[in-house]
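Asks: please find the sequence and the predicted model below.
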Amino acid sequence: MKKIIFLQLGRYAEILQSLPAIQAMAGPSVQLSLIVYEQFADVVTGFSGVDVLHTLPSDELKLEAEYDLLVNLTFTEPSTYLASKIKAKKHVGLTRSEDGSIRIDDSWSRYYFAQVIRKNFNILHKVDLNQRIAMADERTLQSRVNAGWPLRKVERSLVSGHEVGVYVTSGLNSPTWKAILDKVPAQILSSDCFKNPATLAPFDRIVTCDSDMAALASAYGKQVIYLALSFTRPEETGPYGPEHHVLLTHQIEPESLACAVGEVLQDKSVTVRVPHSKTVFKSCVDGSLRSELVPQNFEYDEVKHFFSQTYFLLAEFRNSGRTENLEIPKFGKRPGFSNLDFLLAAHDALGTVRRLAEYGRHYCLKMLGNSDDKIALKEWMGKLTKIEDMLADLRKNIPYVRPLIDQLMVNKDVRGDGIVEVLELTEGSYRELIQDVEIVLNLMEVSVNASKPKGLDAVQSRSELGHENDTH
């Protein structure tokens, strides 16, 4: 029997976002174990797939002598220490090397660490990310995640006359909640829902600004109206699955937000000035689905949207080896294209990143060929440090190249033992960065050529960039 253990030391939402991947890997020849914090363990009750549930804190974790696979879906430092103590033939996710440094061997976890933790461009929901991390070698199982959603349905009962439940938290101020409750006939929910999800039965729809409740309600088949706070990323942590609604709350007056909630609950278009999106399932080339937000009454910033889509395509290609069928956004669809300067700045920065990566790779190769020359090694290491400093300046000033630079830093810093292996990985990371820049520039060229908006002649084809062989 194959023994797999998952480590998820997050709150309710993180556990619920991990359960689809866990359930998809369940089977008669698999024993699945899960470690969670005791105060959040109730949310696992009632779901299939978990054979052995361990809770922390515990005086003694009665673990197997060795597992076939450990999957750590907790991207926090404390989880790495526990992960490093669990014996497994293969580790996925964060763990620790023998020297105590953080180690990440699988590519999707490195993507998560570089993009999600650092709040870069990412359109993948955490449910979809978790299944990519956990099932990178089990592609035939990935379609099970969506087929099994919602995880469990709690059918509406006739106990209450209310069809709308509102989960009030301190995320929104009291005047806002008062305006919503004055506008919407609803019943206020308590935190008891997490211990006893059957209390959701009287409701068809749940209004909340809390990601834990959004995850719980969507997992149990309830439609969610998610009031996304300014510091949240609803594309990653909002309700999962189709037909949910997301309303952005930043700098929105209480009355306007209440009107928007009322219009959504009446299945009307949102007419007040509140950004409104809906969740949909979109097909992937391997037959699986992913959850995505689609704007209903506004349009994405064109440059930001281009890079969001581009970095998604790049991630799927790099980490799953597949090319998604995704239409690259065109520029200039809106009158008065106002983000030209940002696009040109990103284009120039990409060229600079590529040249710096070429220099970085060059010095790594020199160091690998002269690993016994300590004086030369010191000189070349200093040059690598300067290259990293220049990349850090670009990262700070040009947000559209941050994902590439952060991925480089993670790729080269979380693997390898010993100077030679570290240098080989660093050289490979710079080589991959050069290739990634080429891919992004190619996609930018395709998008610009398909758009031809006025003023974009400055974004030239690669043959016109004057990219020459540099003398290092």
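Replies: Perfect, I can see it now. Residues are numbered from 1 along each chain as shown.
Asks: right, and residue 272 touches residue 263 too?
Replies: Yes - when contacts are counted by CB atoms under 8 Å, residue 272 is listed as touching residue 263 (7.5 Å). (Glycine included, C-beta is placed from N, CA and C.)
Asks: residues contacting residue 168?
Replies: 177, 188, 189 (CB atoms under 8 Å, 6 or more residues apart in numbering).
Asks: 6 Å instead?
Replies: Each residue near residue 168 by CB atoms under 6 Å, 6 or more residues apart in numbering is listed here: 177, 188.
Asks: backbone phi and psi for it, please?
Replies: phi -90, psi 130 (degrees, to the nearest 10).
Asks: now the longest helix anywhere in the chain: how far from the chain's centre is it?
Replies: Longest helix of the chain, by residue count under DSSP state H: helix 419-451. From the chain centre to the centre of helix 419-451 is a distance of 20 Å (CA atoms, centre = their mean, to the nearest Å).
Asks: with stretch 112-127 instead?
Replies: On CA atoms, centre = their mean, the centre of stretch 112-127 falls 3 Å from that of its chain.
Asks: in stretch 392-400, which residues are buried?
Replies: 394, 395, 398, 399, 400 (16 or more other CB atoms under 10 Å).
Asks: for this protein, what spans make up the strands?
Replies: Using DSSP state E, the strands of the chain run over 2-7, 30-37, 52-56, 69-72, 91-96, 102-104, 164-167, 187-188, 205-208, 223-228, 245-248, 276-283, 289-295.
Asks: what separates the shortest one from the chain centre, distance-wise?
Replies: On the basis of CA atoms, centre = their mean, strand 187-188 is displaced by 32 Å from the centre of the chain it belongs to.
Asks: not counting sequence-adjacent ones, nearest residue to residue 198?
Replies: If the residues on either side of it in the chain are set aside, residue 198 comes closest to residue 154, at 6.1 Å by CB to CB, 6 or more residues apart in numbering.
Asks: ok, residue 381 next?
Replies: Per CB to CB, 6+ apart, closest to residue 381 is residue 367, 7.3 Å.
Asks: pretty sure the one you found is touching residue 380, no?
Replies: Yes - under the criterion of CB atoms under 6 Å, residue 367 makes contact with residue 380 at 5.1 Å.
Asks: the two: which has the busier surroundings?
Replies: Between residue 367 and residue 380, residue 367 has the larger neighbour count (other CB atoms under 10 Å), namely 22 against 19.
Asks: who's in contact with the more buried one?
Replies: Counting by CB under 6 Å, 6+ apart, residue 367 makes contact with 377, 380, 423.
Asks: apply 8 Å and report the result again.
Replies: Per CB under 8 Å, 6+ apart, neighbours of residue 367: 376, 377, 380, 381, 423.
Asks: what's the pLDDT at it?
Replies: On the pLDDT scale, residue 367 is placed at 93.
Asks: quick revisit: next, the buried residues of the longest helix of the chain.
Replies: 423-434, 436-437, 440-441, 443-445, 447-448, 451.
Asks: again with stretch 310-318
Replies: Buried, per 16+ other CB under 10 Å, within stretch 310-318: 310, 311, 312, 313, 314, 315, 316, 318.
Asks: could you report the pLDDT at the nearest residue to residue 17 once chain neighbours are set aside?
Replies: In this structure, residue 17 finds its nearest non-sequential neighbour in residue 126, 4.4 Å apart by CB to CB, 6+ apart. For residue 126, the model assigns a pLDDT of 97.
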